[in-house]
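Asker: Predicted structure and sequence below. I'll ask about it afterward.
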Amino acid sequence: MITNFLIPELNHHDVQELWFQQDGATCHTARTTIDLLKDTFGDRLSSRFGPVNWPPRSCDLTPLEYFLWGYVKSLVYADKPQTLDHLEDNIRRVIADIRPQMLEKVIENWTSRLDYIRASRGSPMPGIIFKM
């Protein structure tokens with residue numbers, strides 16, 4: 001997917017400021033995968049074994065985990081896509097519809113999560129809820 005889709009797609013955009021973040025799943029951290037991503041993103045890679053290490057067990061601190069995956073999945077599967085093309089169309093549509101204002105709210109929430117973690121010295125965050 002990285003070789004056949006992501007990198008060709010990135011060639012159409014200015015990615016000098018773009019960061020790539022992925023979790024620490026074994027299939028995502030194979031040496032060849034990490035090397036390929038380092039070649040593409042340099043030090044702007046957050047991943048296990050990457051230049052910026054993925055924080056372990058960080059679902060409360062990672063916008064991809066506490067927001068994006070659930071949000072996208074709920075909309076992508078809302079009309080129960082029956083074909084791969086339909087699923088791909090839904091994913092592209094949902095991602096394209098994410099507006100900067102929504103991402104600003106996500107970042108505001110993220111910074112309050114970081115403040116909470118600092119103040120509580122890393123304890124769990126049962127009271128933190130994402131608010132839109």
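Answerer: It's in.
Asker: so how many other residues sit close to the closest residue to residue 87 other than its chain neighbours?
Answerer: Take residue 87 and drop its neighbours on the chain: the residue closest to it by Cβ to Cβ, 6 or more residues apart in numbering is residue 81, 4.2 Å away. (Glycine included, C-beta is placed from N, CA and C.) Using other Cβ atoms under 10 Å, residue 81 has 15 neighbouring residues.
Asker: For the protein, which residues score under the pLDDT cut-off?
Answerer: 54-60, 122-132 (pLDDT under 70).
Asker: Would you mark the buried spots in the longest helix anywhere in the chain?
Answerer: Longest helix in the chain, counting residues (DSSP state H): helix 100-119. Under the neighbour-count criterion of 16 or more other Cβ atoms under 10 Å, helix 100-119 has 106, 109-110, 113, 117 buried.
Asker: Identify the farthest-apart pair in the residues you listed.
Answerer: Greatest spatial distance among those (Cβ to Cβ): 106 and 117, at 16.3 Å.
Asker: which residue is nearest the centroid of this protein?
Answerer: Nearest to the mean C-alpha position of the chain, counting by Cα atoms, centre = their mean, stands residue 64 at 3.8 Å.
Asker: Next up, the contacts around the closest residue to residue 43 other than its chain neighbours.
Answerer: Counting by Cβ to Cβ, 6+ apart, residue 43 lies nearest to residue 51, which is 4.5 Å off, once chain neighbours are set aside. By Cβ atoms under 8 Å, 6 or more residues apart in numbering, the residues touching residue 51 are 38, 42-45.
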